[in-house]
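*Asks:* The sequence and its predicted three-dimensional model are supplied below.
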Amino acid sequence: MFDRFKNDKKSEIPDYPTKKEFNELKKLVNTHQDYLNNIFVFHKLEKTPYLELMRDISYELLKFFDNICNKYDLEYWLDFGTLLGAVRHEDFIPWDDDLDVGMLREDYYKFLEVFPKEFERSGLKHVEAWFKDPSWAPGTRRWFQINCKRQEFNGKFVGIDVFPYDYITEYDDDYIELFHNTRPKFFKAWQGDVSLKDALDETCGELNLSLEKTDYFIAGVDGGRFRTGSVFKILKTEDLMPLKRIKFGEYEFLAPNNPKNYLSEIYGKHHMKIGKTKKEHGRLNRYKKQPNIMDKLYESKKELIKANENFK
């Protein structure tokens with residue numbers, strides 16, 4: 001059978017599979033996909049103590065975020081893989097290791113304003129927050145992140161990505177190209193002491209952005225996950241609003257009003273099935289090897305529970 005690892009320097013002819021070999025490989029992939037759907041969609045698997053603890057920390061961090069939003073009448077929604085997990089599994093996607101939420105721009109601005117004082121008041125020692133500084137584009141700032149992090153760990157072990165979205169008043173056939181051409185200008189403008197709002201106002205005038213509700217909205221220039229496979233979409237507000245609470249684990253959090261339509265726009269109409277490929281998620285395996293990991297995670301969980309119980 002075709003060997004994709006074959007490296008014959010003597011031959012310059014690529015070792016492409018025959019049609020028969022390709023169909024056999026395709027059949028094998030489809031069989032594996034069916035197995036995954038039978039396991040992860042039609043059965044509820046018991047979590048190991050380690051995974052359960054990681055999930056509990058995630059729920060508590062999301063509850064802390066939810067508490068802040070409720071206090072200040074801010075709206076958000078479960079987004080991307082977190083929303084997909086809530087709809088398909090009523091919980092995390094089994095191999096997911098982070099949390100995604102979306103916020104419209106006006107609420108996002110307000111959240112960035114109130115979060116520092118609520119965070120300081122919480123007394124959380126193992127939580128940090130910052131604008132994402134991606135390794136693939138160092139020196140640029142992206143969406144806001146709230147992460148559980150410990151000094152002895154190399155990186156976050158649980159986190160929330162807060163993605164901003166913008167209403168738009170109108171668009172034409174050239175809008176997507178205009179959007180992608182605008183992003184580099186925005187990242188160049190949002191440097192140093194320049195505020196996010198000033199950078200947006202300076203560079204995004206042609207994008208017809210609006211803080212007022214309109215019929216359509218888009219991922220913010222500072223928030224789209226376009227490098228990780230998300231395709232730019234112009235989304236319908238009627239699929240988003242009014243938000244509603246849906247089950248995620250043992251709790252309920254805000255989600256789009258029509259989550260299946262919303263997810264179909266992002267992941268396609270077959271999103272209720274396990275895909276044939278998946279994004280790499282290695283954090284859960286990486287931290288499991290840490291010395292005394294359970295004790296450290298218990299400590300972080302207790303800290304978050306206390307912050308939520310004392311939240312005012």
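*Replies:* Cool, the structure landed.
*Asks:* Kindly provide the distance from K289 to R150.
*Replies:* Distance from K289 to R150, counting by C-beta to C-beta, to the nearest Å: 14 Å. Using the backbone N, CA and C atoms, a C-beta is placed for each residue, glycine as well.
*Asks:* more neighbours, those two?
*Replies:* The residue with more neighbours, out of K289 and R150, is R150; 18 against 7, by other C-beta atoms under 10 Å.
*Asks:* Isn't K132 up against K156?
*Replies:* No. With contact defined as C-beta atoms under 8 Å, K132 does not reach K156; the gap is 10.9 Å.
*Asks:* Find residues that contact each of these two.
*Replies:* Q145 (C-beta atoms under 8 Å, 6 or more residues apart in numbering).
*Asks:* ok now stretch 105-125, how far from the chain's centre?
*Replies:* In terms of C-alpha atoms, centre = their mean, to the nearest Å, the centre of stretch 105-125 is found 19 Å from the chain centre.
*Asks:* can you pull the buried residues of that stretch?
*Replies:* When burial is assessed from 16 or more other C-beta atoms under 10 Å, stretch 105-125 yields the following buried residues: R105, E106, D107, Y108, Y109, F111, L112, F115, E118, F119, S122, L124.
*Asks:* Same check on stretch 179-186?
*Replies:* Buried, per 16+ other C-beta under 10 Å, within stretch 179-186: F179, T182, R183, F186.
*Asks:* Quick check: the third one vs W190, distance?
*Replies:* From R183 over to W190 the distance is 11 Å, taken as C-beta to C-beta.
*Asks:* Kindly report the same for F248.
*Replies:* 32 Å.
*Asks:* same thing with P94?
*Replies:* From P94 over to W190 the distance is 36 Å, taken as C-beta to C-beta.
*Asks:* Of the two, which one has the most company?
*Replies:* W190 (22 against 16).
*Asks:* Could you pull up phi and psi at the nearest residue to that one once chain neighbours are set aside?
*Replies:* In this structure, W190 finds its nearest non-sequential neighbour in A199, 3.7 Å apart by C-beta to C-beta, 6 or more residues apart in numbering. In terms of degrees, to the nearest 10, the main-chain angles of A199 are phi -70, psi -40.
*Asks:* Let me see the contact set for A199.
*Replies:* F186, A189, W190.
*Asks:* Kindly confirm my reading that F217 is in a helix.
*Replies:* No. Per DSSP: H, G, I helix; E, B strand; the rest coil, F217 lies outside any helix segment and is strand.
*Asks:* and it, bridged to which residues?
*Replies:* For F217, the beta-bridge partners are Y167, L235 (DSSP bridges).
*Asks:* gap between it and S210?
*Replies:* 9 Å.
*Asks:* Ok, D107 next?
*Replies:* 14 Å.
*Asks:* Of all residues in the protein, which one is nearest the centre?
*Replies:* D100 (3.3 Å; C-alpha atoms, centre = their mean).
*Asks:* Is the spatially closest residue to L243 that is not a sequence neighbour bridged to anything, and to what?
*Replies:* Among residues not flanking L243 along the chain, L254 sits closest, at 4.7 Å (C-beta to C-beta, 6+ apart). Assessed by DSSP bridges, L254 has beta-bridge partners R245.
*Asks:* in terms of contact, does L254 touch L74 like I think?
*Replies:* No. Contact criterion C-beta under 8 Å: L254 and L74 do not qualify, at 9.9 Å.
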